[in-house]
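Colleague: got a sequence here, can you build the structure:
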Amino acid sequence: MPHHLNDAPTVEPQSAARPNAPTGWLAICGLLVLSALPIIGGALSLRDVASGSGSPLTWVATAAIVAHIVSMSVFCLVGAFQFSPALRSRRAWHRRAGRMLIPIGFLAALSGAWLAIFFRGPDDEYPLAVVRLVFSAAMAAFLALSVRAIAQRDFRAHAAWSIRAFAIAVSGGTQALVAILWAIPFGEADAAGETWVVAAGFLINLGVAELIIRRRRADASRQRAGRGALVS
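Modeller: Numbers count the residues shown, from 1 in each chain. Next up, the predicted model:
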């Protein structure tokens, strides 16, 4: 997950768009690049599903795979634009995008959890399925907490939980980069190695997300302290 997420704005109620708000296009481009690898991989998987190549699948499993790939791709692509201060300052746009992204995000997380729960593969790949289940459940929980926060008009908490959910969603790109770094000294990862690679990608993204959230909280505290000093 790129450090450009630091450009993400603090979510606060605004009555009108700020004319001089930064665009945040550097953050958006970084997130789109990070999302590109898993989206391309998902497109190839959809091609395989459509052609019937690979292991035979039930219609339920096929539907879950298609739902997961499509919803996660849309969530990552549209969600990246939520990190533009200029776009987020437009309340109507932000609300419309959020109302679309929340159910899509839930679909991505829950379909991922379903695929992990009903995984039918080699025994040595079950730990990987458990890792995917844990983080799919975490993404769904973060989205639920984000919805609760916005219902309570706690905009900072809403932003924090949304960042955490998005960090999990775009972990596929980080996992691809970790896999490349793993392959340099160790070669292509086996089932156990892939489990570590996938877990590392999730944890790296969540670690970066927490750093961003803490930095934004510290910036907000300094701004409040500065305003207090001016008033006094």
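Colleague: shaky segments in this structure?
Modeller: Along the chain, segments meeting pLDDT under 70 span 1-23, 53-55, 224-232.
Colleague: need the longest helix for it.
Modeller: As assigned by DSSP state H, the longest helix anywhere in the chain is helix 191-231.
Colleague: chain center to that one, what's the gap?
Modeller: 14 Å (Cα atoms, centre = their mean, to the nearest Å).
Colleague: then stretch 178-188?
Modeller: Its chain's average C-alpha position is 24 Å from that of stretch 178-188, according to Cα atoms, centre = their mean.
Colleague: got the buried residues for stretch 194-214?
Modeller: Within stretch 194-214, the residues that count as buried by 16 or more other Cβ atoms under 10 Å are 194-195, 197-202, 204-206, 208-209, 212-213. Just so you know, the C-beta spots here come from the backbone N, C-alpha and C atoms, and that holds for glycine as well.
Colleague: next: stretch 60-67.
Modeller: Across stretch 60-67, burial judged by 16+ other Cβ under 10 Å covers A61, A64, I65, V66, A67.
Colleague: just list the residues touching the fourth one, thanks.
Modeller: For V66, the contact set (Cβ atoms under 8 Å, 6 or more residues apart in numbering) comprises L46, V49.
Colleague: hmm, try it at 10 Å
Modeller: G42, S45, L46, V49, A50, S111 (Cβ atoms under 10 Å, 6 or more residues apart in numbering).
Colleague: returning to what we had before: check the buried residues of stretch 60-67 and tell me the two furthest apart.
Modeller: The two members of the buried residues of stretch 60-67 with the most space between them (Cβ to Cβ) are A61 and A67, at 10.7 Å.
Colleague: in stretch 103-110, what's buried?
Modeller: Of the residues in stretch 103-110, I104, G105, F106, L107, A108, A109, L110 count as buried by neighbour count, 16+ other Cβ under 10 Å.
Colleague: and F166, what element?
Modeller: helix 155-169 (DSSP states H and E).
Colleague: alpha carbons only: can I get that helix in PDB?
Modeller: Taking Å, rounded to 0.1, in the frame of the first residue of the first chain, the C-alpha atoms of helix 155-169 are listed here in PDB:
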ATOM      1  CA  PHE A 155     -16.600  11.500  10.800                       C
ATOM      2  CA  ARG A 156     -13.000  10.800  12.000                       C
ATOM      3  CA  ALA A 157     -13.900   7.300  13.100                       C
ATOM      4  CA  HIS A 158     -15.700   6.800   9.800                       C
ATOM      5  CA  ALA A 159     -12.600   7.800   7.900                       C
ATOM      6  CA  ALA A 160     -10.400   5.500  10.000                       C
ATOM      7  CA  TRP A 161     -12.500   2.400   9.600                       C
ATOM      8  CA  SER A 162     -12.900   3.100   5.900                       C
ATOM      9  CA  ILE A 163      -9.200   3.400   5.500                       C
ATOM     10  CA  ARG A 164      -8.700   0.000   7.200                       C
ATOM     11  CA  ALA A 165     -11.300  -1.700   5.000                       C
ATOM     12  CA  PHE A 166      -9.700  -0.200   1.900                       C
ATOM     13  CA  ALA A 167      -6.300  -1.300   3.100                       C
ATOM     14  CA  ILE A 168      -7.400  -4.900   3.100                       C
ATOM     15  CA  ALA A 169      -9.100  -4.600  -0.300                       C
END
